[in-house]
Every structure is written in structure tokens, then in C-alpha cells.
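J.: Using only what follows, build the 3D model:
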Amino acid sequence: MQFRNNNMYMPTDKGSLSVHGTGYIEVNSDMARLKVKISTDNISLEEAQDKNKEITDRVLMSLEDYGIAEENIHSENLSVSKNYNLSNNTFLSYKVTNVISVLLDDFNKLGDVYSLIIENGANDEINVDFVLSNPTQYYNRALKKATQDALNKAGLLAKSFNVKYNPIPNKITELSSPVYAITYSSSSNSYYQDIAPGVVKIIAEVEAVFSTFPF
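T.: Down below sits the predicted model:
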């Protein structure tokens, strides 16, 4: 503490105020994404692969015949694993798994596509995610809310601590990103008639630093 002429000297240096702003919105999904697992087991790896390809080709053909655009059908992952007898650790068979992703922008087609997939040999888990065709526009809206939240908090804290502050921040950090900010609802129900479109939640976060001054 410094003294000048026996009076207390108050520093005039700028201080800083750091706040965390959060904003979120919830919107109805406008697309459905089905992830279909096709699994085949055989003691022969070649036969397991051949059978898996046969079922996969049949499923893909049925989807294309139904009218699903080729760019909305993707083969995402092909994996091979070994099955063992857990009691004596002896080899039983090879398991080949293929994952197909199908995008739909018409929820009325969801039941038909679900049935087609099952009827043409898909024999493993089917998951349905409800997604957004243009998530960036919604993330930007959430981000705007996050910046306003940061401004509101800065004003509240400055008033509470009895300091003035510059409402223009000298540093802003975006803590979130469109890639990880979105939470999609999903369903793995085996009865497609129970599946309904879900709500998508988008959360954005920022950190802002403001300069403060004593009164």
C-alpha cells in the first residue's frame, strides 16, 4: 500500500473481469439418420465376409429401389473380430460387422425404410438419430445468446463489486464449437412405429475479459 502526503493513495491501474457466458436453444430435428449393423458369423473368415457382402448389397439395393438418393447412403465401418468360448478360450468363429448409415429428410418414410432393412437381412442393432441438416445456423444463434449472457454477467458483477467496466471486452474466447455443441436425441427401439422425431439441443459457451476501473 502506498501513501502520499499522509493520505491513502488509490491506484488507477486497470483491473480485469472475466466471465463465462452460456447460451442454448432447442429445435426439432429435420432429418433422421439410421445406423444399421449387419453381422455374420462363420468359422471361415472368407464365408463370413461373403455372406456379409451379400446381405449388405441386398440392403443397399432395396434402399436405392425405394428411392433413397445414393449420396444419403454410406458404408461407415467394416470390422472383423473373433468369437471365443469363454469357458476354455477356444476359437469359435469369425464375426464380420458392417455399418450402413442412411439419411432421411422425410419422417414419413422412416417406417418403410426400417422395414426394408429388416426384411432384406439386417440382423443386428439399428439406431436412429434425429439430426439437423444445417446445424451451423442454430449454433450461431446459441453463440449469440452466450455472448449476451457474458455481457449481462459482466454488468452484474461490476455493479456488485462497485467498479466501472468497459463493455467492449479486450479478449473473447469461444469455448465451444459446432462439432461438439449439439446433443442429438436417438432411439434404438426395435419397433419403428414407436419412433418419433426428437428435439436437438445446441449449447454454446464463451469466455470474455473486460477492463475495470475504480470509481
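
J.: In terms of helix, strand or coil, where does the closest residue to residue 151 other than its chain neighbours fall?
T.: Once flanking residues are discounted, residue 151 sits nearest to residue 167: 6.8 Å by Cβ to Cβ, 6 or more residues apart in numbering. For the C-beta atoms, the positions are set from N, CA and C on the backbone; glycine is no exception. Under DSSP: H, G, I helix; E, B strand; the rest coil, residue 167 falls in the coil class.

J.: Show the backbone phi and psi for residue 167.
T.: phi -70, psi -10 (degrees, to the nearest 10).

J.: mind listing what it touches?
T.: For residue 167, the contacting residues are 151, 154-155, 210, by Cβ atoms under 8 Å, 6 or more residues apart in numbering.

J.: repeat that with 10 Å
T.: Residue 167 makes contacts with 151, 154-155, 158, 210-211, as judged by Cβ atoms under 10 Å, 6 or more residues apart in numbering.

J.: Buried only: go through the residues you listed for me.
T.: Among the contacts of residue 167, those that count as buried by neighbour count (16 or more other Cβ atoms under 10 Å) are 151, 154, 158, 210-211.

J.: would you list those in CSV and tack on pLDDT and secondary structure?
T.: Output for the buried ones among the contacts of residue 167, formatted as CSV (pLDDT from 0 to 100; DSSP: H, G, I helix; E, B strand; the rest coil):
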residue, pLDDT, secondary structure
151, 96, helix
154, 96, helix
158, 93, helix
210, 95, strand
211, 93, strand
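
J.: For residue 150, list the residues it contacts.
T.: Taking Cβ under 10 Å, 6+ apart, one finds 18-23, 169, 172, 205-210 in contact with residue 150.

J.: next one: the host helix or strand of residue 51 to chain centre, how far?
T.: Here residue 51, judged by DSSP states H and E, is contained in helix 45-66. On the basis of Cα atoms, centre = their mean, to the nearest Å, helix 45-66 sits 29 Å off its chain's mean C-alpha point.

J.: What is it packed up against?
T.: Secondary structure elements in contact with helix 45-66, counted by 3 or more Cβ pairs under 10 Å, 6 or more residues apart in numbering; DSSP states H and E, are strand 31-42, strand 73-85, strand 90-104, helix 110-119.
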